[in-house]
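Q: Just to be clear, the model below is a prediction. Sequence and coordinates:
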Amino acid sequence: MAQLWGGRFTQKTDDLVYKFNASISFDKRMLRQDILGSIAHAEMLGKTGVITAQDSEAIVKGLKGILDDSLSGKIDISEEYEDVHSFAESVLTDRIGDAGKRLHTGRSRNDQVALDMRMYTRGEVCHTDELLAELMHTILGIMKSEKDTVMPGFTHMQKAQPVTLAHHFGAYFEMFKRDRSRLADLYDRMNECPLGAGALAGTTYPLDREYVAKRLGFKCATANSMDSVSDRDYLLEFLFALSEIMMHLSRFAEEIIIWNSDEYRFVEISDTYSTGSSIMPQKKNPDIAELVRGKTGRVYGALMSLLTTMKGIPLAYNKDMQEDKEVSFDAMDNALSCIKLFDGMLGQMSFNRDRMLKSAAGGFTNATDAADYLVRKGVPFRDAHRFVGEMVVHCIEKNISLDEMSIDDLKKICDKAEPDFYEAIKLSTCVDRRLTKGAPGAEAVDAEIKISEEYLASTKTLKDPLDSIEI
Ligand code: ARG
C-alpha cells in the first residue's frame, strides 16, 4: 500500500477498499503523459517563483530520468501504488529527495488526471487519424485498379443496378473521410489544457497556466476550473467517433463476409487473413471481418457506459469518473486494431471480376436502363416503367434475360422498341451512361478518384504534439 494521503487518518485502509479504489492497473499506461505534464508544471513553478529554480531543475531532471527508464524498460510500474500519479511522484521523491515533494504545489490529482487523460486521448485521436488515412490509401488503390470491374449494386439485398467495384469502394472512402473530419473537429475542441484548475477551484499560487498549455501543445488553458476537472465530453466525442468508424467498418466487413461466401465468391480473402475449422477441413473462414463486426458492439458499449456514468455526476470531480478509463482504453485498443487489420485484409484480398460481371448480368439490373431507353423514344417514364415491368414478367416466364427477348416480343409490349434497344441495355452501356456527379460511369469515377487523390494529398494527418515535445 503506497498512497499520497494519510495524515488525516488514524486507521489503515481496508485491503479490499484499497484494491477497489486503486486505478494503477489500468492508468499506468498514462505514465508518459503524466511525466510530461509534471515536467511542464515543474518548469512553470520555477519560472513563476512558486518554487526555486534549483528545485524546479532537480524535479525536471528527475522526471526525465524516470521517463527514460520507463521507456527503456528499466523500471517496472509497481502496482502497490494507488495510481500512476502516486507512482511517479513517489519514485521522484525516492530519487531526488525533498524537492520531489514540491512537485504537487498548486496541483490536484483532479486536474492532473484530467490532463493525463486528455493528452492520452489526444494521442489516440491522432493515431486513429493516421490509420484511417492509411486505410483510405488502400481503398483508393483498389478504386484505381477496379474501375472497369462491373458488379451488381444492391438495394434490399436484391440486385438493383450495375455499378463498379471502384464505385462501391468509393462509398467507404467517403465514410472514412467524414470520420477523419470528425476527428479533426473534436481534436480542435478538446485541445485546451485543464492543468491549473486544482481540485476544482483553481489555486492561490500565481500559476502561469498558458505557459503549461503551450508547452504541452494545447491551444490555450481551459476557461472554468470546475468544468476542467469534471469534463469528459472530449472522451465521449471520441468514443462516438470510434463508434461511427466501427459502424462503417462493420458494414464493410459484413459485405466482405457475404462476398466471400461460396454463393457469391466475388472476393477471396487471402490465406494470411483467414482461419480454419478444427473439424471441417474444407473451411476457410473470414474471422477477421467477423471480429471487426463483433467488436463494434463493444465500442458502442464503451460510449453507452461513459454516457451513463456521466449523467448523474454533480460538479466537480467525483470518483465515478475513474470509470472513464477501462472502457475507453478497451474501445481505443480494439477500434485501432480493427482499422489496422481491416486495412491489411483489404490490401491482400483478390477480386473475382468474372463472377461479379456474371452476377451483374442477372437479376434484370438493366431494367431501369430499358425504361430510360423507352423514355428517350418519347414514352413517359411512368408508362415506360410499366412496359419494362411487363417485359420482365415475360422474361421470368421464359427464363430468359431482357437482351434475349426478340424484337417482335418487345414490340408486342411497346412498339417504340427498336433494334438499338439491345445496345442500350448492355451492362457496359448501363454503367458508362451514368455520368452525373458521384455516379459509377467511368468518367464520373475518374473525377471521384481525382477528388479523393487530392483529398489525401492535401489532408495532413493529425500529429500528437507530445511526439515532438522537447525536454
Ligand atoms: N485515479 C483517479 C481517476 O482516475 C485520479 C484522480 C483521483 N482524485 C481523487 N480526488 N481521488 O480519476
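A: Cool, got the structure. Residues are numbered from 1 along each chain as shown.
Q: Please make it C-alpha for all contacts and neighbour counts, starting now.
A: Fine.
Q: And the pLDDT for L140?
A: With respect to pLDDT, L140 scores 98.
Q: how about it, what does it touch?
A: 169-170, 173, 449, 452-453 (Cα atoms under 8 Å, 6 or more residues apart in numbering).
Q: Can you name the helix or strand that it falls in?
A: helix 109-145 (DSSP states H and E).
Q: go on, I400?
A: Counting by DSSP H and E, I400 is part of no helix or strand.
Q: Distance check, it against A417.
A: According to Cα to Cα, to the nearest Å, I400 stands 18 Å off from A417.
Q: is it true that H248 touches M175?
A: Yes: using Cα atoms under 8 Å, H248 is in contact with M175, at 6.9 Å.
Q: I'd like to know how many residues surround T204.
A: Around T204 there are 8 other residues, counting by other Cα atoms under 10 Å.
Q: Could you number the chain from 8 rather than 1 from now on?
A: All set: I'll call the first residue 8, so the last point we hit is now T211.
Q: Check the closest residue to it other than its chain neighbours and give its pLDDT.
A: In this structure, T211 finds its nearest non-sequential neighbour in G113, 7.5 Å apart by Cα to Cα, 6 or more residues apart in numbering. For G113, the model assigns a pLDDT of 98.
Q: how far is stretch 430-444 from where the chain is centred?
A: In terms of Cα atoms, centre = their mean, to the nearest Å, the centre of stretch 430-444 is set 35 Å apart from its chain centre.
Q: got the contact list for that stretch?
A: By Cα under 8 Å, 6+ apart, the residues outside stretch 430-444 that reach it are 157, 169-171, 367-368, 373-374, 376-377, 380, 410, 447-451.
Q: Let's see which of those end up in helices.
A: When those are checked against helices (DSSP state H), the matches are 367-368, 374, 376-377, 380, 449-451.
Q: got a winner among those for most neighbours?
A: Neighbour-wise, those (other Cα under 10 Å) top out at A377, 27 neighbours.
Q: now that residue: how far from the ligand?
A: Distance, A377 to the ligand, by Cα to the nearest ligand atom, to the nearest Å: 64 Å.
Q: which one is that residue nearest to, not counting chain neighbours?
A: Distance criterion Cα to Cα, 6+ apart; nearest residue to A377, sequence neighbours excluded, is I432 at 5.8 Å.
Q: Distance of the one you found relative to the ligand?
A: With Cα to the nearest ligand atom as the criterion, I432 and the ligand are 64 Å apart.
Q: Check Y88 too.
A: 11 Å.
Q: thought that residue was touching F94?
A: Yes: under the criterion of Cα under 8 Å, Y88 makes contact with F94 at 5.6 Å.
Q: Let me see the confidence value for A9.
A: Predicted confidence (pLDDT) for A9: 69.
Q: whoops, I mixed them up, G14
A: 80.
Q: for S63, same thing?
A: S63 carries a pLDDT value of 98.
Q: Can I get the strand or helix carrying it in CSV, CA atoms only?
A: Using DSSP H and E, S63 falls within helix 60-78. Taking C-alpha atoms only, helix 60-78 is exported to CSV below (Å, rounded to 0.1, in the frame of the first residue of the first chain):
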residue,chain,number,x,y,z
ALA,A,60,14.8,27.4,-9.9
GLN,A,61,17.0,24.8,-8.3
ASP,A,62,14.1,22.6,-7.1
SER,A,63,12.4,23.1,-10.5
GLU,A,64,15.5,21.9,-12.3
ALA,A,65,16.0,18.9,-10.0
ILE,A,66,12.4,17.9,-10.5
VAL,A,67,12.6,18.2,-14.3
LYS,A,68,15.8,16.2,-14.4
GLY,A,69,14.4,13.5,-12.0
LEU,A,70,11.3,13.2,-14.1
LYS,A,71,13.3,12.9,-17.3
GLY,A,72,15.2,10.1,-15.8
ILE,A,73,12.1,8.3,-14.8
LEU,A,74,10.7,8.7,-18.3
ASP,A,75,13.9,7.4,-19.9
ASP,A,76,14.0,4.5,-17.5
SER,A,77,10.4,3.6,-18.1
LEU,A,78,10.7,3.8,-21.9
